[in-house]
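>>> could you look at this predicted model? Sequence included:
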Amino acid sequence: MRQQLFDNFNSLTDKLEGHLPYMYLDTEGLVTIGRGNLIDPVASAVCLGFVNNADGTAATVKTIKAQWALVKSRKDLCARGGQAFRLITTITLPEKAIDELCTVRLAANESLVKAQFPDWPGYPADAQWGLMSMAWARGPNNLHGGYPHFSAAVEAKDWLEAGKQCRMNGCSNERNVTTAKAFFLAARSVECGGDPETFLSLLM
């Protein structure tokens, strides 16, 4: 992964996903935390370093399970967004733990994307951001098979066409626009003979 993308991935994702230190439900009713990190089923949550809001002490497994179950049961709050769950939660995940969770997921996503697109290391930074954006939003396992016209454009390194074919159903318009723009910027960079390490999306 291009270094500028790695260094700025969390801040870019914050703009699209938000950044919540407490459990909430996503639009599909799955328990989530941080920058859209799924912790569903509950086994994904109990291994994290939650702390009690009242005194900052480590939350017990029993408390984590109880809070997870409470959040899971409150589908009525989904329409109000993740922030609505702040009022019913009593534990949070520290900033460092959220960053570590995101770093692990980003590495896993990259590994799966590389398996589908072997030329990944040579892609411009903006094209890599576009792919990582899609992997974060829709999962990294089926980008190739699930988006055949898009994947054909990526394999051809036709970034302009990739930007036209990358729309994801079920994602926000902001996510789709941002992702398409990344591929369009990659096309511009290649056309102008730019350095593939240069991350034009940071300037937008």
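That came in fine, so what should we check first?
>>> any buried residues in whichever helix in the chain runs longest, and which?
What stands out as the longest helix in the chain, according to DSSP state H, is helix 95-116. Buried residues in helix 95-116, counting neighbours by 16 or more other CB atoms under 10 Å, are found at 97-98, 101-102, 105-106, 109-110, 113, 116. C-beta: built from backbone N, CA, C; applies to glycine.
>>> in a markdown table: those residues, plus distance to Pro196.
Output for the buried residues of helix 95-116, formatted as a markdown table (distance: CB to CB, whole Å):
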| residue | distance to Pro196 |
| --- | --- |
| Ala97 | 33 |
| Ile98 | 30 |
| Leu101 | 29 |
| Cys102 | 24 |
| Arg105 | 24 |
| Leu106 | 19 |
| Asn109 | 20 |
| Glu110 | 16 |
| Val113 | 16 |
| Gln116 | 19 |
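>>> how many neighbours does Phe199 have?
Neighbour count for Phe199, taken as other CB atoms under 10 Å: 24.
>>> again with Gly194
16.
>>> and it, what does it touch?
Going by CB atoms under 8 Å, 6 or more residues apart in numbering, Gly194 touches 124, 188, 200.
>>> read off the pLDDT value for the first one.
When you say that, I think you mean Pro124. Pro124 is assigned 98 on the pLDDT scale.
>>> you'd agree it is up against Trp159?
Yes: here Pro124 reaches Trp159: they are 7.4 Å apart, a contact under CB atoms under 8 Å.
>>> common neighbours of those two, please.
Counting by CB under 8 Å, 6+ apart, the common neighbours of Pro124 and Trp159 are 186, 190.
>>> so where's the chain shaky on pLDDT?
Scanning the chain for pLDDT under 70 picks out nothing.
>>> next structured bit after the longest strand belonging to it?
For the chain, the strand with the greatest residue count under DSSP state E is strand 20-25. Per DSSP states H and E, strand 20-25 leads on to strand 31-34 as the next helix or strand towards the C-terminus.
>>> name the strands paired with that next one and say parallel or antiparallel.
Partners of strand 31-34 in the sheet, by DSSP bridges, are strand 20-25 (antiparallel), strand 37-38 (antiparallel).
>>> gap between that strand and the chain center?
11 Å (CA atoms, centre = their mean, to the nearest Å).
>>> any idea which residue sits dead centre in the protein?
Residue closest to the mean C-alpha point of the chain, counted by CA atoms, centre = their mean, is Trp136 at 3.3 Å.
>>> kindly export the helix or strand where it lies (C-alpha atoms) in PDB.
For Trp136, the host element (DSSP H and E) is helix 125-138. Only the C-alpha atoms of helix 125-138 are listed here, as PDB (Å, rounded to 0.1, in the frame of the first residue of the first chain):
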ATOM      1  CA  ALA A 125      -2.200   5.800  -4.600                       C
ATOM      2  CA  ASP A 126      -5.600   7.100  -5.500                       C
ATOM      3  CA  ALA A 127      -6.600   3.900  -7.200                       C
ATOM      4  CA  GLN A 128      -5.500   2.000  -4.100                       C
ATOM      5  CA  TRP A 129      -7.700   4.300  -2.000                       C
ATOM      6  CA  GLY A 130     -10.700   3.700  -4.300                       C
ATOM      7  CA  LEU A 131     -10.300  -0.100  -3.900                       C
ATOM      8  CA  MET A 132      -9.700   0.200  -0.100                       C
ATOM      9  CA  SER A 133     -12.800   2.400   0.200                       C
ATOM     10  CA  MET A 134     -14.900  -0.300  -1.600                       C
ATOM     11  CA  ALA A 135     -13.400  -3.000   0.500                       C
ATOM     12  CA  TRP A 136     -14.100  -1.100   3.700                       C
ATOM     13  CA  ALA A 137     -17.700  -0.400   2.800                       C
ATOM     14  CA  ARG A 138     -18.800  -3.600   1.100                       C
END
